[in-house]
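Student: Generate coordinates for the sequence data below:
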Amino acid sequence: MSSVIPVPADASPAAGRASTGAVVKAVVKGYVALTKPRIIELLLVTTVPAMLLAARGIPSPWLVLNTLIGGTMAAGSANALNCVVDADIDAVMKRTAARPLARHTVPRRGALIFGLVLGVVSFGWLYATTNLLAAAMAVGAILFYVLVYTMLLKRRTSQNIVWGGAAGCMPVVIGWSAVTGDVAWPALVMFGVIFFWTPPHFWALAMKFRDDYAAAGVPMLPVVATPRHVARQIVIYSWVMVLWSLLLVPATGWVYAAFAVLAGGWFLLFAHRLYASVRRDEPSNPMKLFHLSNTYLTLVFVSLAVDSALSLPVTGWPF
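Tutor: Residues are numbered from 1 along each chain as shown. As a prediction, the model looks like this:
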């Protein structure tokens, strides 16, 4: 009888390297997931148009790139720290059960250090490549999102997303200040568009996942109020959002004005349809409005970018 013991295939050096590679890939994927890339994409969509309008022309590509890099790190920091604080409720909710800390694919301490480092680096990057005001506002947005929204408001009031959503409005102001070094009224109007957009956007999602939030003890408006009240609030905020978006017309041109009106009318139509369905106790699909809200915000800000590019001279080139 042979005394040689067969070596399992998965114990070979090549298999070991493959296994190590898979582990490293999973860890990297986990840390990237902490930053919530899909949310960051939407934030960046609003930053570039704000910079175009602020420049009254097309700003330096390097300035735009550096602002986007710093803004991405700042948003990633806020989202990672949010995941650290909310790890317990993320594990309870079906919608968030796959997040890295809920699945324990990333250690909580590692996520905390990762979020803090991203925040520090984002400040340094923006300070070095743009200006102190933009860098300071990025840090302010991180602190507001983590300390005010996540730790103070989210588990205590149904108005959590109304006031907490202000952090998500900051990219347009940061983009504007990166170009001009100050904050002017068009930046505040863009801030307001996103501020009034956030409740309809998030409440539509929360209507769909009401049971999730209830199980986690998070008093989102759909958890503590009737569907009719929630749908009515969605309609009210939608009207304010659309009307507020028109305040930007004096600083823009016909392209933005046309899209603001058309996209706004489209959004209002869906908001009223949702309210009508709820009022008649008919089956409703709030996720239609949720997905539409992403499209609406993209259309409005892309039209702003196109309007700015078509109407204004090129400035700040080549670098």
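
Student: okay, CA-based contacts and neighbour counts for the rest of this
Tutor: Noted.

Student: Skipping its backbone neighbours, what lies nearest residue 231 in space?
Tutor: residue 275 (4.9 Å; C-alpha to C-alpha, 6 or more residues apart in numbering).

Student: and that neighbour, which of the three is it?
Tutor: Put simply, residue 275 is helix when judged by DSSP: H, G, I helix; E, B strand; the rest coil.

Student: What about it, how many residues nearby?
Tutor: Neighbours of residue 275 under the rule other C-alpha atoms under 10 Å: 22.

Student: does it really touch residue 235, like I thought?
Tutor: Yes. Under the criterion of C-alpha atoms under 8 Å, residue 275 makes contact with residue 235 at 7.3 Å.

Student: residues touching residue 123, list them.
Tutor: By C-alpha atoms under 8 Å, 6 or more residues apart in numbering, the contact list for residue 123 reads 70, 74, 135, 136, 138, 139.

Student: Look up how far residue 270 lies from it.
Tutor: 40 Å (C-alpha to C-alpha, to the nearest Å).

Student: you'd agree residue 308 is up against residue 52?
Tutor: Yes. With contact defined as C-alpha under 8 Å, residue 308 counts as touching residue 52 (6.0 Å).

Student: intersection of neighbour lists for those two?
Tutor: With C-alpha under 8 Å, 6+ apart, residue 308 and residue 52 have common neighbours residue 58.

Student: Can you tell me how far the most centrally placed residue in the chain is from residue 78?
Tutor: In the chain, the centroid-proximal residue (C-alpha atoms, centre = their mean) is residue 39; its distance is 3.6 Å. Counting by C-alpha to C-alpha, the gap from residue 39 to residue 78 is 11 Å.

Student: Residue 43 now?
Tutor: Using C-alpha to C-alpha, one gets 13 Å for the distance from residue 43 to residue 78.

Student: Residue 72 too?
Tutor: The gap separating residue 72 from residue 78 is 10 Å, by C-alpha to C-alpha.

Student: Would you mind telling me which of those two has more residues around it?
Tutor: Counted by other C-alpha under 10 Å, residue 72 and residue 78 do not tie: residue 78 has more neighbours, with 30 against 21.

Student: Quickly find the element holding the more buried one.
Tutor: Secondary structure assignment for residue 78, by DSSP states H and E: helix 61-85.

Student: Buried ones in that helix, by neighbour count?
Tutor: Residues of helix 61-85 classed as buried: 63-64, 66-68, 70-85 (neighbour count, 16 or more other C-alpha atoms under 10 Å).

Student: if I pick residue 301, what's in contact with it?
Tutor: Residues in contact with residue 301 (C-alpha under 8 Å, 6+ apart) are 45, 46, 49.
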